[in-house]
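# below is the sequence, then the predicted model.
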Amino acid sequence: MKFDFQTFIKEYKEKLSGFFSERKEAQEETLTRGIEDSVLQDILDLNPLSAFIPSEYGGYGGVTAEALSMLETSSYESLPLSLMMGINGALFLQPLANYGCDEAKAEVYDRIINANKMGGLMITEPDYGSDALKMQTSYTKKGDKYHIQGLKHWAGLTGMADYWLMTARSKNDKGKLGRDISFFIHDSRNGGIKVVEYFNNLGLYMLPYGRNEVDIKVPETHRLQPKSTGVTMMLDLLHRSRLQFPGMGMGFLRRMMDEAIDHCKSRFVGGQSLFNYDQVKKRISELQAYFTVCSAMCNFTSTNVPLDRNTSRMDVEANAIKSVITDFMQSASQSLLQLTGAKGYRLDHIAGRSVVDSRPFQIFEGSNDILYQQISESILKMMRRMKNHNLYEFLKDYKLTNKSSEYFKDAFNFELDPQMPQRKLVELGKALGRMISMEFTLDLNEQGFNKELVQNAVKTLQDEINSIMHVYKYGKQASVVENYQQDSHWFQFMGVNA
Ligand SMILES: Cc1cc2nc3c(=O)[nH]c(=O)nc-3n(C[C@H](O)[C@H](O)[C@H](O)COP(=O)(O)OP(=O)(O)OC[C@H]3O[C@@H](n4cnc5c(N)ncnc54)[C@H](O)[C@@H]3O)c2cc1C
């Protein structure tokens with residue numbers, strides 16, 4: 001390695017700030033798609049991806065805290081760049097470290113470190129997104145190679161990645177697809193992936209997306225080896241990635257907070273600084289709460305999720321962290337845009353750009369609506385197993401809500417109806433996700449983190465959870481009116497005489 005990790009982070013921070021904050025053209029570049037090759041090469045020359053690579057292959061050792069620190073440094077300057085690094089790390093380099101054979105690792109890691117190469121992951125298909133387990137991309141074995149065919153879309157780094165982690169189901173002689181999912185490392189030099197369309201993605205201009213026809217052959221050595229089933233390996237991959245979202249959230253939220261404070265202090269409206277208005281203070285205190293909670297999540301993941309830990313059973317932690325932090329990211333960007341006023345409503349302003357850049361984080365790697373539902377279902381399952389029906393009784397002894405549940409003795413002191421409708425599962429999951437996040441925040445407090453920030457975050461979480469639980473308990477369950485076109489045009493009731 002060129003540097004020790006701390007020196008690397010310092011150099012990396014300076015370089016990114018030079019590229020994204022200090023150069024005049026940087027603003028303009030946010031409006032062009034892709035990233036200039038010379039800029040990308042300069043960034044990759046510092047080897048940020050080494051933060052994900054084990055030391056025996058020349059990396060910094062795959063230490064989780066260091067990987068999150070690199071993502072944080074990236075996202076303070078550019079959320080798309082951080083996502084680019086995150087895709088490479090969590091969706092390619094880490095799965096390779098845990099499930100690849102030595103031969104594949106040695107070859108791939110060498111090219112990542114010494115030739116600035118990058119990798120991505122293809123799971124999603126046009127007809128199978130949220131229900132990815134039903135994917136139609138298939139493989140058959142021919143000699144010592146796997147032949148993989150299918151159609152994939154929305155893979156980050158489309159047309160740009162040097163390696164693809166490709167997912168597929170086995171196909172037998174009768175054309176029937178197996179239930180399990182397998183992962184293969186494809187080297188783009190071998191050809192076989194044709195980009196048939198590039199998408200005009202709403203934000204994240206730096207990253208190319210599109211639709212790919214896949215017809216590739218992968219050697220035996222380049223198939224990932226699950227320890228049990230392929231689906232469990234996929235869960236491990238997805239959970240580890242979701243657990244690391246706070247790395248991308250961290251720099252982004254700090255930036256939203258810094259930008260909001262800077263702007264509000266210097267902008268005068270009605271004869272005084274915006275910063276003095278109570279509603280403005282409310283918004284900024286929320287930004288600080290998000291920042292604090294995200295710090296707590298980084299602390300949790302760094303402490304509890306080393307690279308070699310199998311995360312396939314960490315569904316509650318992973319789903320809570322990913323959904324809550326991405327909701328906070330979107331909410332923070334919306335708040336910054338509100339505070340900056342019309343100035344922020346420009347695609348080349350950090351506020352406007354952040355709104356569109358952070359939005360898809362609520363959709364990819366598990367749509368938040370679904371993840372919230374899954375949190376509730378996991379808790380219900382545990383309660384059923386323990387024959388416990390009272391939610392507070394369960395939460396006070398549950399390791400992820402042990403301390404935070406104390407703040408909600410009344411709100412959660414009721415018997416859960418296991419037959420509740422889906423919308424209630426989602427609401428409950430939102431509240432539980434935030435309660436788990438509060439637990440992490442209280443843990444961080446015990447380690448000496450700024451007490452004022454923690455108190456502020458706890459208040460914000462209490463408000464959010466109480467209002468969510470109000471809807472959960474008293475929500476009116478409005479239904480969809482199928483025949484909505486009948487008697488529903490306002491003008492027909494105006495009694496206008498023609
Ligand atoms: C910017 C971006 C980057 C991406 N990067 C990658 C990548 O690198 N690799 C990759 O393989 N894929 C990637 N994806 C794809 C992404 O993972 C999928 O878009 C996601 O899984 C959702 O699938 P879908 O778009 O088909 O939506 P659908 O599955 O059609 O779901 C759409 C919506 O329907 C609702 N919904 C779906 N199922 C349910 C349910 N059971 N109950 C209630 N509501 C439901 C939810 O609101 C959901 O958001 C990316 C997508 C985006 C936008």
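Nice, thanks for sending it over.

# near the ligand at all, stretch 182-199?
No - applying Cβ under 6 Å from any ligand atom, one finds stretch 182-199 separated from the ligand by no less than 8.9 Å. No exception for glycine: its C-beta is placed from N, CA and C like everyone else's.

# would you mark the buried spots in that stretch?
Ser182, Phe183, Phe184, Ile185, His186, Asp187, Ser188, Gly192, Ile193 (16 or more other Cβ atoms under 10 Å).

# relative to the ligand, how far out is the second one?
Per Cβ to the nearest ligand atom, to the nearest Å, Phe183 is found 12 Å from the ligand.

# give the bridge partners for that residue, please.
Thr167 (DSSP bridges).

# quick one: residues contacting it.
Each residue near Phe183 by Cβ atoms under 8 Å, 6 or more residues apart in numbering is listed here: Pro95, Tyr99, Leu165, Met166, Thr167, Arg223, Leu224, Gly230, Met233, Met234, Leu237.

# cool, and the last one?
Residues counted as contacts of Ile193 (Cβ under 8 Å, 6+ apart) are Trp164, His186, Asn212, Glu213, Val214, Asp215, Ile216.

# residues in contact with stretch 384-404: which ones?
So stretch 384-404 is contacted by 316-317, 320, 379, 382-383, 405-406, 408-409, 412-416, 418, 432, 435-436, 438-439, 441-443, 461 (Cβ under 8 Å, 6+ apart).

# meant to ask about stretch 342-360
Here stretch 342-360 makes contact (Cβ under 8 Å, 6+ apart) with 27-28, 30-31, 79-80, 201-204, 252, 255-256, 259, 326, 329-330, 332-334, 336-340.

# at 6 Å what do you get?
Residues outside stretch 342-360 that contact it (Cβ atoms under 6 Å, 6 or more residues apart in numbering): 27, 30-31, 79, 202-204, 259, 329-330, 333, 336-337, 340.

# same check, this time on stretch 466-484
Residues contacting stretch 466-484 (Cβ under 6 Å, 6+ apart): Ala411, Glu427, Leu428, Lys430, Ala431.

# residue numbers of the stretch 151-300 of the chain in contact with the ligand?
Residues of the stretch 151-300 of the chain lying near the ligand (Cβ under 6 Å from any ligand atom): Trp154, Ala155, Gly156, Leu204.

# from those residues, which two are the most distant?
The most widely separated members of these, counting by Cβ to Cβ, are Ala155 and Leu204 (12.9 Å).

# more neighbours: which of those two?
Ala155 (25 against 21; other Cβ atoms under 10 Å).

# that one: what secondary structure?
Look at Ala155: counting by DSSP: H, G, I helix; E, B strand; the rest coil, its state is coil.

# distance-wise, check the residue in the stretch 51-200 of the chain that the ligand sits nearest to relative to Gly178.
Taking Cβ to the nearest ligand atom as the measure, the stretch 51-200 of the chain has Gly129 as its residue closest to the ligand, at 1.8 Å. Distance from Gly129 to Gly178, counting by Cβ to Cβ, to the nearest Å: 20 Å.

# if any of the contacts of stretch 384-404 are buried, give me the PyMOL selection for them.
Buried members of the contacts of stretch 384-404, identified by 16+ other Cβ under 10 Å, are gathered into one PyMOL selection as follows:
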select buried, resi 316+317+320+379+383+405+408+412+416+432+435+436+438+439+441+442+443+461
